[in-house]
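Visitor: Pasting a predicted model and its sequence here:
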Amino acid sequence: MELRDNGYGIGRSRKINNNAYSESLSFNIASRSLSTDGSNLESNSRSASLRWVHWASQVSDIHGVKHIVSESSRFRKLLWTLFVLTSLGVLLFQFCESAWNYAQFYHITKLDVEYLPHMPFPAVTVCNFNKYRRSAITPTDMVHIGQPLGLVDTERNLNNPELFSDEFMDKWNNTDWEVEMKKPFDFTEFTRRAGHHFDETILEALWNGHSCTPEDFRDFLTHYGNCFIFNQYEEDEDQYHSMRAGTGNGLRIVLDVHSHEHIPTTDLEDSFINVGFKLMIHSPHEPPYLKQLGFAVGPGNHYFLALKRQEIIRLSTPYTSKVCEKSSEGTKHFHEYSMSACRIECETSLLVQECGCKLVEQPGNASVCSPQQVALCAHETLDEYIEGHIEFDCPCDIPCKSELYPVDVSNSGLKRDITGKSVGLSNYSIEYIKNNIVMLTIFYEELNFETIEQLPEMSIVDLLGQLGGNMGLFLGASILTIFQIFEYIFDEFKFCISVGADRNQQKRKNKKKIYECDDKSLQAPLSIPSQQAGIIRGFRNTTV
């Protein structure tokens, strides 16, 4: 049997051999490409090692690293590596400890004493324990305020008729309640009119030995009615300053209690048992809060009040557990923030919410409580709030900066001034002085003040300073060394990106060459190697 060439055998042989040849070419090109990539990887590795050695020995400021890369002895390299790693470990430990301490936000308290040639004088507020003058109350007033303030019983009889004059009792017995109740009544006007006035309360006032005028005082309504403030802050007005320490360089006031005008009322519990004045020494920028603060002075005595001045500067969160308020931000009704201002405004908001009105002395535009509202709602609500029985969302944060005036008080008895130098002590009998006259001498003990300031135990500058010091101590490095490390990492990263891009580009070129070779091998005339041609000729001549 003879195998004949019908055209298919040779065709198949050509196709097979063309594919084999194409694959052989592709394999050779790919092999050369892999060989090239391998040599490039090895070259890149050597290049990276050389760059590291150059950076460590010539560029880096870190002590010890150059010995690791330049020492020929393996033992020394190992020793220097151990030294560098140990120093690095201690550095990291110190840094973590410093960062932890910084994150705790500890604070320290700095106490300093400063001396001034002249010291700002505080504000002095004086209030009579007796809120209303007995002689100023008319039968018409008594109809409106008698029962709410505890002066008249439910049967419209006076509780303490012996306190009133015969003239008043005659008018009272002839008063028509029904007619008087229909007349309008202004509680604010009554409080100001029936309260104690400046000209009859302050008999004498001297500043540094010079007489003061009523313009040096300011009328101010408080829980005790009409009060008088010396040196209250006012815009465009100069404040008083003490030029020297001692009793002769301060404020001296002679006050008259007017004990014969005393009348106890239920809206002021102190009036039942106390005779004298309530006194508060505070910052000129702070409103007086005599309902809960201040101290008492009684008649027949001369009180010496030796002042000190303290300035407290507080830190806010996170250094303390509470947020402090900046004094310059002010409040709704006061120019500067203070605890007294906040408490006054909170109590006002509480009464407006619970009773629908405010007290006469409270700030704001809400309507003033009537005597009946004061007796039935306002005072009871305030007492429960102060005692903590009413929850009202009105937090009063401590101010970031405040002024305090600690006082050392001493006193002596008073007698009549026979020399006539003191108007308040020369025109009255010894008995009247004993029962009515109070003298105050307010002065600075020294012209210095204490500054109590809270400071962060560690600031961000301190943290960086500790980090830099530890870096220099353990590695001989600095902040600039960190930038050197970042620069080296950036250069290496950029080099890796460029090598990867070149490698991908080379792969694309190699793949393109393979495709071009495949196309040419398929389109070109068959060129069979001599050995393969002999095999084919052998097939042609073979017979079966």
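Guide: Received it, and whenever you're ready, just let me know what you need.
Visitor: where exactly do the helices run in the stretch 51-200 of the chain?
Guide: In the stretch 51-200 of the chain, the helices defined using DSSP state H, counting those that start in this stretch lie at 65-70, 74-104, 139-145, 166-173, 177-182, 187-194, 198-201.
Visitor: Kindly report the same for the stretch 301-450 of the chain.
Guide: Using DSSP H, counting those that start in this stretch, helices in the stretch 301-450 of the chain cover 339-354, 371-373, 379-386, 423-426, 430-436.
Visitor: Please name the residues that touch the closest residue in space to residue 394 that isn't next to it in sequence.
Guide: Once flanking residues are discounted, residue 394 sits nearest to residue 346: 3.8 Å by C-beta to C-beta, 6 or more residues apart in numbering. (Glycine included, C-beta is placed from N, CA and C.) For residue 346, the contact set (C-beta atoms under 8 Å, 6 or more residues apart in numbering) comprises 392, 394, 396.
Visitor: if we can go back for a sec, out of the helices of the stretch 51-200 of the chain, which one sits most buried?
Guide: helix 139-145 (a mean of 21; mean count of other C-beta atoms under 10 Å).
Visitor: so how far is that helix off the chain centroid?
Guide: 50 Å (C-alpha atoms, centre = their mean, to the nearest Å).
Visitor: Need the CA coordinates for it. PDB is fine.
Guide: Provided in PDB are the C-alpha atoms of helix 139-145 (Å, rounded to 0.1, in the frame of the first residue of the first chain):
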ATOM      1  CA  PRO A 139     -52.800 102.400 105.200                       C
ATOM      2  CA  THR A 140     -53.300 101.900 101.400                       C
ATOM      3  CA  ASP A 141     -50.000 100.100 101.200                       C
ATOM      4  CA  MET A 142     -51.000  97.900 104.100                       C
ATOM      5  CA  VAL A 143     -54.200  96.800 102.400                       C
ATOM      6  CA  HIS A 144     -52.200  95.400  99.500                       C
ATOM      7  CA  ILE A 145     -49.100  94.100 101.300                       C
END
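Visitor: Quick one: mean pLDDT over that helix.
Guide: Average pLDDT, helix 139-145: 87.
Visitor: now swap in stretch 104-115 and tell me
Guide: Rounded mean pLDDT across stretch 104-115 is 89.
Visitor: Going by neighbour count, list what's buried in it.
Guide: residue 107 (16 or more other C-beta atoms under 10 Å).
Visitor: got it, and stretch 127-140?
Guide: Under 16+ other C-beta under 10 Å, the buried positions of stretch 127-140 are 127-134, 137-140.
Visitor: low-scoring pLDDT stretches of the stretch 301-450 of the chain, where are they?
Guide: Within the stretch 301-450 of the chain, the stretches with pLDDT under 70 are 321, 327-330, 418-424.
Visitor: Nearest to residue 353, out of the helices of the stretch 51-200 of the chain?
Guide: helix 187-194 (19.9 Å; C-beta to C-beta).
Visitor: So which elements touch that closest one?
Guide: helix 139-145, strand 225-230 (3 or more C-beta pairs under 8 Å, 6 or more residues apart in numbering; DSSP states H and E).
Visitor: sorry, back to before: can you tell me which of the contacts of residue 346 lies nearest to residue 363?
Guide: residue 394 (14.4 Å).
Visitor: for the closest one, what are its contacts?
Guide: Residue 394 touches 342, 345-346, 349-350, counting by C-beta under 8 Å, 6+ apart.
Visitor: list the contacts for the spatially closest residue to residue 440 that is not a sequence neighbour?
Guide: Distances taken as C-beta to C-beta, 6+ apart place residue 253 nearest to residue 440, at 4.7 Å, with adjacent residues excluded. Residues near residue 253 by C-beta under 8 Å, 6+ apart: 124, 126, 202, 204-206, 230, 439-440, 442.
Visitor: ends of stretch 256-263, how far apart?
Guide: 16 Å (C-alpha to C-alpha, to the nearest Å).
Visitor: which of the residues in that stretch are buried?
Guide: 256-258, 261-263.
Visitor: Let me know the closest of these to residue 326.
Guide: Checking those one by one against residue 326 (C-beta to C-beta), the nearest turns out to be residue 257, at 40.4 Å.
Visitor: For residue 182, see how far away that closest one is.
Guide: Per C-beta to C-beta, to the nearest Å, residue 257 is found 37 Å from residue 182.
Visitor: Listing request: residues of the stretch 51-200 of the chain with sub-threshold pLDDT.
Guide: 71.
Visitor: now the residue positioned nearest the centre of the chain: how far from residue 283?
Guide: Nearest residue to the geometric centre of the chain (C-alpha atoms, centre = their mean): residue 316, 3.6 Å. Separation of residue 316 from residue 283 (C-beta to C-beta) stands at 20 Å.
Visitor: tell me the secondary structure for the residue lying closest to residue 479 once chain neighbours are set aside?
Guide: Closest residue to residue 479 apart from its sequence neighbours, by C-beta to C-beta, 6+ apart: residue 468 at 5.9 Å. Classification of residue 468 by DSSP: H, G, I helix; E, B strand; the rest coil places it in helix.
Visitor: Renumber starting at 40 from here on
Guide: Okay, residue one is now 40; in that scheme the one you just asked about reads as residue 507.
Visitor: Run a quick neighbour tally on residue 507.
Guide: 15 (other C-beta atoms under 10 Å).
Visitor: So it is in contact with residue 519, correct?
Guide: No - between residue 507 and residue 519 there is no contact under C-beta atoms under 8 Å: 10.1 Å.
Visitor: re the thing from before, of all the contacts of residue 433, which comes closest to residue 512?
Guide: Residue 512 lies nearest to residue 381 out of the contacts of residue 433, by C-beta to C-beta, at 49.8 Å.
Visitor: what sits against that closest one?
Guide: 364, 370, 433, 435-436.
Visitor: and if we set it to 10 Å?
Guide: Shown in contact with residue 381 (C-beta atoms under 10 Å, 6 or more residues apart in numbering): 328, 364, 370-371, 373, 433-438.
Visitor: could I get those residues as CSV with distance to residue 474?
Guide: Listed next are the contacts of residue 381 as CSV, based on distance: C-beta to C-beta, whole Å:
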residue, distance to residue 474
328, 29
364, 45
370, 41
371, 43
373, 37
433, 42
434, 45
435, 40
436, 44
437, 42
438, 41
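Visitor: Among those, name the buried ones.
Guide: 328, 364, 370, 373, 435, 437-438.
Visitor: from the residues you listed, which is closest to residue 89?
Guide: Out of these, the member with the shortest distance to residue 89 (by C-beta to C-beta) is residue 364, at 63.3 Å.
Visitor: quick one: the closest one and residue 356 touch, right?
Guide: No - judged on C-beta atoms under 10 Å, residue 364 makes no contact with residue 356 at a distance of 11.9 Å.
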